[in-house]
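In: Would you be able to build a 3D model of this:
(one chain, ligands or ions: 3)
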Amino acid sequence: MHPMLNVAVRAARAAGRIITRASHDLEKVRVASKQRNDFVTEVDQAAESAIITTLQQAYPGHAFLAEESGHSTPQGDIPPNEAEHIWIIDPLDGTTNFIHGLPQYAVSIALMQKGVVTQAVVYDPNRDELYTASKGRGAFLNDRRIRVSSAIKLDGALVGTGFPFRRIEDLDHYLPILKAVMEKAAGVRRPGAAALDLAYVAAGRYDAFFEIGLMPWDVAAGSLLVSEAGGLIGDLHGEANHIFTEQVLAGTPKVFSQMVALCAPHAAQIPAVRN
Ligand code: IPD
Ligand code: CA
Ligand code: CA
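Out: Residues are numbered from 1 along each chain as shown. Ligands and ions are numbered 1, 2, ... in the order given. Prediction:
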């Protein structure tokens, strides 16, 4: 395993232990609201600081972009996609599930170098499933190599998605896409942890996945898993422009292009990234 991936795995497992311990006594977990329908717990924060401490000890010169603590660069103000080394971290992807005791959440850690994701870890502590990838070396679930499914048609495909829930106005763009997908696919799933959803595309559990409103920490690690597993990932137009644009579409090569044909006309209506 690449040494940088190895440190990231250590960090992800440490965060997983913090999350699992807290899951045994959920009533004690304090929840705060960041914005409408957007929650953070002390567990998100403790997991994030464990990850950053582990990575910083090994790589003191690296930058960070983490959901709860934001962007920090030891070398001054360098945008994330230009940094030499930046760790993009979601310490607990699926916080709403976690708060409700629904066991579908994960830790997501990616290393980006000059705009390219080179190392990725998504760890599901409930199933002890560790998804990893290093650029050019394939994607793995625990020690087993994974590949996207062999699906060639959206007809009969299983598609994962995430519903818009913070910016409810996004529903106007999202629902026509969902309708078009439901008319074709065999089924649509919304488990509630985007990093795991992307890992499931990589592992061949879904044939495609799409969502509007995702942040870099939701997508960075999963995107390398998908491409190293032989899948395609992009925005809803199919462009390789998905980490910082809040739109993501992933799938097997054939299903991806059918999804682009279906999503692109609706995606054209979505305003460019808003804060
Ligand atoms: C959320 C989950 C969810 C997705 C949201 C994300 P969080 O992450 O990935 O599936 O629909 O857009 O924000 O807030 O639980 O880390
Ligand atoms: Ca997330
Ligand atoms: Ca999170």
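In: tell me the secondary structure for the most centrally placed residue in the chain?
Out: A centroid search over the chain (Cα atoms, centre = their mean) returns Ala195, at 2.7 Å, as the residue closest to the centre. Classification of Ala195 using DSSP: H, G, I helix; E, B strand; the rest coil returns helix.
In: who's in contact with it?
Out: 90, 93, 106, 108, 122, 218-219, 221-222 (Cβ atoms under 8 Å, 6 or more residues apart in numbering). Where C-beta positions appear, they are placed from N, C-alpha and C, glycine not excepted.
In: Which pair of these spans the longest distance?
Out: Greatest spatial distance in the contacts of Ala195: Ala106 and Val219, 12.8 Å, computed using Cβ to Cβ.
In: More neighbours: which of the two?
Out: Set side by side, Ala106 and Val219 show more neighbours around Ala106, with 33 against 30, by other Cβ atoms under 10 Å.
In: Tell me where the longest helix sits in this protein.
Out: Taking DSSP state H as the criterion, the chain has its longest helix at helix 3-23.
In: quick one: contacts of it?
Out: Defining contact as Cβ under 8 Å, 6+ apart, one finds that helix 3-23 is touched by 1, 28-29, 41, 43, 46-48, 50-51, 54-55, 58-59, 87, 91-92, 98, 101, 103, 105, 107, 109, 111, 118-123, 125-126, 130, 132, 134.
In: From those residues, which land in strands?
Out: Among these, the members found in strands (DSSP state E) are 41, 87, 91-92, 107, 109, 111, 118-123, 130, 132, 134.
In: Name the residues of this structure found near ligand 3, please.
Out: Contacts of the chain with ligand 3, taken as Cβ under 5 Å from the ion, map to 67, 90, 92-93.
In: Within reach of ligand 2, which of these are there?
Out: 90, 93.
In: count of residues packed around the spatially closest residue to the residue nearest to the centre of the chain that is not a sequence neighbour?
Out: Take Ala195 and drop its neighbours on the chain: the residue closest to it by Cβ to Cβ, 6 or more residues apart in numbering is Ser108, 3.7 Å away. Per other Cβ under 10 Å, the neighbour tally for Ser108 reads 33.
In: Name the residues linked to Ser108 by a beta bridge.
Out: Counting by DSSP bridges, Ser108 forms beta bridges with Asp90, Val122.
In: Correct me if wrong: it contacts Trp87.
Out: No: shown here, Ser108 and Trp87 do not form a contact pair, counting by Cβ atoms under 8 Å, at 10.8 Å.
In: so what's in contact with the two at the same time?
Out: With Cβ under 8 Å, 6+ apart applied, the contact sets of Ser108 and Trp87 do not overlap.
In: now the contacts of helix 3-23: which count as buried?
Out: Neighbour-count burial (16 or more other Cβ atoms under 10 Å) is assigned, among the contacts of helix 3-23, to 41, 43, 46-48, 50-51, 54-55, 59, 87, 91-92, 98, 105, 107, 109, 111, 118-123, 125-126, 130, 132, 134.
In: quick one: the residue nearest to Ala195 and ligand 1, what's the gap?
Out: From Ser108 across to ligand 1, the span is 8 Å (Cβ to the nearest ligand atom, to the nearest Å).
In: Do you have the helices of this protein handy? List them.
Out: Under DSSP H, the chain gives helices at 3-23, 42-58, 95-99, 171-184, 194-202, 216-228, 253-267.
In: Dump the ones you listed to a markdown table, plus mean pLDDT.
Out: Formatted as a markdown table, the helices of the chain follow (pLDDT from 0 to 100):
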| stretch | mean pLDDT |
| --- | --- |
| helix 3-23 | 97 |
| helix 42-58 | 96 |
| helix 95-99 | 95 |
| helix 171-184 | 95 |
| helix 194-202 | 98 |
| helix 216-228 | 98 |
| helix 253-267 | 94 |
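In: With that, I have no additional questions.
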